[in-house]
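K.L.:
Need a 3D model of the sequence below.
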Amino acid sequence: MNSDLAERHCKPCEGGVPPLTRSQSEMLLKGLHAEWLISDDGLSIARNFAFPAYSRTLGFANAVAWIAISEGHHPVLTVSYGHCHVSWTTHAVNGLSDNDFICAAKVDRLLSPGQPGSSR
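P.N.:
Down below sits the predicted model:
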């Protein structure tokens, strides 16, 4: 995991710039936990997280929400019993931007290997 991404902050994106290319996205993906995946269309990245209890899932979802609010960049969160699916995209560019990878890296930091939500 690349800690450099997690140290960065999102930049406001109003559009007018191209989304990352597939190649650029794949390079940034290397800085994230191996379970993050780029969608087939290349417009988003996503990861599923598993937890032993609904309360832990909600705690995680709230921590992700805090990251989103702090960074001004908001994911799609799907929460169910014991699972949270997190998906990032940049709507203003209709694809991926650095902001998506920065926020994903910050989400990765929420979990340590061996902790609930981590497959390691």
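K.L.:
if I read this right, residue 76 contacts residue 91, doesn't it?
P.N.:
No: Residue 76 lies out of contact with residue 91 (Cβ atoms under 8 Å); the separation is 10.5 Å. Quick note: C-beta positions are derived from backbone N, CA and C, even for glycine.
K.L.:
Which parts of this structure are strands?
P.N.:
Under the criterion DSSP state E, strands of the chain are mapped to 37-38, 45-50, 76-80, 83-88.
K.L.:
in its sheet, what does the second one sit against?
P.N.:
Spelled out, that is strand 45-50. Applying DSSP bridges, strand 45-50 is found paired with strand 37-38 (antiparallel), strand 83-88 (antiparallel).
K.L.:
and if you look at the third one?
P.N.:
Paired with strand 76-80 in the same sheet, following DSSP bridges, are strand 83-88 (antiparallel).
K.L.:
Can you pull out the residues in contact with the strand it pairs with?
P.N.:
The contact list for strand 83-88 (Cβ atoms under 8 Å, 6 or more residues apart in numbering) reads 44-51, 57, 60-61, 64, 73, 75-78, 96, 99-101, 103-104, 107, 117.
K.L.:
Just the buried ones from the residues you listed?
P.N.:
44-47, 49, 51, 57, 60-61, 64, 73, 75, 96, 99-101, 103-104, 107, 117 (16 or more other Cβ atoms under 10 Å).
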